[in-house]
Every structure is written in C-alpha cells, then in structure tokens.
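Engineer: I'll drop the sequence and a predicted model, then ask my questions.
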Amino acid sequence: MCAAQGCAQIGAFSVAALLPALIAAWSLSHTQAGWLGGIYYAAYTLAVPLLSSLTDRVDAKRIYLASVALTAVAFAGFAWAATGFWSALAFRALMGVGWAGSYMPGLKALSDLVEGPRQSRAVAAHAAAVGISGALSFGVAGAVHAWLGWRWALVPGALGAGLAFGLVLLGLPSRPPRPATASPGALLDFRPVLRNRSALAYSLAYCVHTWEMSALRAWVVTFLAFAAAQGAGSWTPLAPTTVASVMGLLGVWASVWGNEMAIRFGRRRFVLGTMLASAAMAGVIGFGAALPYAGTAALVLVYAMLIWSDSSSLTAGSAGSAEPGRRGATLAVHSTLGYAGGFLGPLALGATLDLLGGASVVGWGMAFGHVTVAVLLGALAFVWLRPADLAGDRSAATTRA
C-alpha cells in the first residue's frame, strides 16, 4: 500500500509546480490560480465522507482501484484536453475525487492491521510514502517541463496512478471490513463521530494544519519565483521547483520525527506547541521575499518543517481516538475537515494577493499572514476540546501509572 501510494502521488503537486507557466499560458488571475489549487481539496472534501465511510462496509481495495483509475484519467485529461481555466478546473476536481478514494481508504486498510504504538508508526510510514512522492512531484514536473513543456509534465501523474492500480490489484489481499461493536447507523450519519471530543479535536487541528500546508504547497513555486525576480537572478541549484522538492522531503522527515516526539513527550503538548510556532512563522514568511533569494528559500524550508511536524501526529491522534467499527467514519470526518481547510488556504491566499493589487512584498506578507489567524483559531478549539493522548504516548502511560 505504501508503494502504491508513492506511485499515486508522483504527480500530486505538478499543477502547483507548473502554476507560473499556467498563469502565463491562460492569462489567469491570482484568484483563478488559487481556484486551481483549492478545487482539488474542495472535490476531495465533498467525496471523502462517502468513499471513506464505505470502507466500514465495503472492501477498501475496490474503492481504491476505482479511485486511482479515475486519477489516471484526470491527469491525462488535464495534460491533453484542458484549454483554459474552466476545463482545467474540471480535471483538477477529478484529481481530488480520485485522491479522496485513495488516501484515507488506503490508510484505513493499513491502520486496521495494527494497534497501539505500531499503528501510530504505520500511519507515519504511510504519510512518509505519500510525502516523499509528493515532494518529488515538484522536481519531476519541473524537469519534464524544462525538457518537453508543461503538458508532458503532467503525464507522470497519469502513469503513476496506473502503476498504483496494478500494485494494489496484484499485491493487496481482499479483506472484509471488521464488524462494528455497535450498530453503525446510517452510512453518512457522523453524529457519533462528532460526539467524540478527542477525535474531533485532532480533526479540527488537522483542518487548519491542511489550510496552512496547502497554501504553502500551492503557492511556494510562484512565491519563490517572485522572490528570485527581486534580485539579479536565482542560483540554479535552488530553483523554485528544487526548493519545493527539498521542502517536501524535509517535511516527510519532520512528520515522522514529530510523531515520535508526540509519543515520547505527549501528543497534546507537542501538537499545541507546533501550532503556535507555525502561526508565528506564517506572520513573517511572506515578507521574507525582500531577503536575498537564498534567505527566502531557507525561511521556506524552516517554515515547512514546522508545518509538517504535527501532520502524522494529528492523523494518528484521530485514528487512535476512533471507536471500534467507526474508524472509517472517523477518518472521513478527519479528512473532510482537513481538506476543507486545504481548499480555503490556496484560494484565500490568491484572493488576498489580488485584493492588495497583485504580487508585492507587502502583498505576499499579508497573504501568508492570513494563515496566522486561522491557525490560532484552530489552537483555541484544540485546547477547548481537550483531546486525549494515545495508548503508548508517554504522557498517557504516566497518567495510568
């Protein structure tokens, strides 16, 4: 499953990597460019409640296979059939639906195999596979774009999804869903999940986490291209797509490391501290465009590590807080809230840029600064809901002792 997810994500951020070229080719406004970044998450948000909840009743393998097939079609369509904003928006939305049926159903299949600390580490391994491939997608798209143009740069996404289909078809055994300890209720009845304060706390924190992460990932190449244009030129090894790939790889390390820190020092404490630190960084990162380009790139990498460091911890917290037989529904709520934030982040950043008259140092500073408000509100909700640490977390073990 981890190998398949790596293949499925090799085109994940190709659209973000190609955004400067798409803006030029189709004369897009920053708001329209934000829609191309955000519609992926909006489509995911609408599709994931049904697709993820179905894994409590239907073999996740069947959902996964149909979804990666749709992903392959969507990438091919964006590459060769899109002619402007509206057609690109439609194919980008299909990519989001495909990932909705791939990410959480794949995670559900994995997390059902293990419990306790091993489950938390399995979730981190899954996140690492997704994160490494997503990070490489920036560099892959940038390299192919340089050689063959932006349309060919989307082809790896289609090929990777096709390979994921084959890996899961041949390598993943079919597994019937676990029986619930209580009546599961209606398929889309999420009231029992919403009454689970611990799971809800982690999911709301994941919402603002994904808001912040998606805003950075959608705009990082465009932001760095702006920063590079402020100076005499950019240093080739630090080209924007290269920085974006390094950012994603560092993020994977930070996510796995952060989950280990959450196990050792307490999940609630670690998550809250990380949220406050990243909120502070969001308030200054955009103004970093005034620095020499290498300094801007360094700030981006530090900021990314802060954002990513609680990624696995939040998802593991939600999965570990789920009631037996409702893990699929819990992950559906978790993912829906998360990707709702993922839709709003890129769109709000692009709209803020347009509102302030376009790209400028002040414009970028204010555009990224809106994230600070979102993250602080999420931190307040997290504190109010008082989530539990998981079995195996040091603070939980200390409490029982």
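Structural biologist: Noted; the coordinates are in hand.
Engineer: And the contacts of stretch 129-143?
Structural biologist: Stretch 129-143 is touched from outside by 2-3, 5-14, 16-18, 103, 153-154, 156-157, 160, 221, 239-242, 244-249, 251-252, 255, 308, 311, with contacts defined as C-beta atoms under 8 Å, 6 or more residues apart in numbering. All C-beta spots, glycine's among them, are computed from the backbone N, C-alpha and C.
Engineer: Sorry, wrong one. I was asking about stretch 276-284.
Structural biologist: In contact with stretch 276-284 (C-beta under 8 Å, 6+ apart) are residues 212, 299, 302-303, 306-307, 365, 368-369, 371-372, 375-376, 379.
Engineer: buried subset of these?
Structural biologist: 212, 299, 303, 306-307, 365, 368-369, 371-372, 375-376, 379 (16 or more other C-beta atoms under 10 Å).
Engineer: From these, pick the one nearest residue 61.
Structural biologist: Ranking the buried ones among the contacts of stretch 276-284 by separation from residue 61, with C-beta to C-beta as the measure, puts residue 307 on top at 31.8 Å.
Engineer: confidence score at that closest one?
Structural biologist: Per-residue confidence (pLDDT) for residue 307: 93.
Engineer: does it really touch residue 216, like I thought?
Structural biologist: Yes - taking C-beta atoms under 8 Å as the contact criterion, residue 307 and residue 216 are neighbours in contact, 6.6 Å apart.
Engineer: what pLDDT does residue 315 get?
Structural biologist: The predicted structure scores residue 315 at 81 on the pLDDT scale.
Engineer: just to revisit the earlier point, list only those of the contacts of stretch 129-143 flagged as buried.
Structural biologist: Listed as buried from those are 2, 5-14, 16-18, 103, 153-154, 156-157, 160, 221, 239-242, 244-249, 251-252, 255, 308, 311; burial here means 16+ other C-beta under 10 Å.
Engineer: In which helix or strand does residue 249 reside?
Structural biologist: In this assignment (DSSP states H and E), residue 249 forms part of helix 240-265.
Engineer: what's that helix packed up against?
Structural biologist: Using 3 or more C-beta pairs under 8 Å, 6 or more residues apart in numbering; DSSP states H and E as the contact definition, the elements that helix 240-265 packs against are helix 14-17, helix 116-148, helix 197-230, helix 267-285, helix 293-308, helix 311-321, helix 394-400.
Engineer: Now tabulate the ones you listed in CSV and tack on distance to residue 80.
Structural biologist: Output for the helices and strands packed on helix 240-265, formatted as CSV (distance: least, C-beta to C-beta, whole Å):
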stretch, distance to residue 80
helix 14-17, 14
helix 116-148, 13
helix 197-230, 22
helix 267-285, 36
helix 293-308, 32
helix 311-321, 33
helix 394-400, 52
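Engineer: Many thanks, have a good one.
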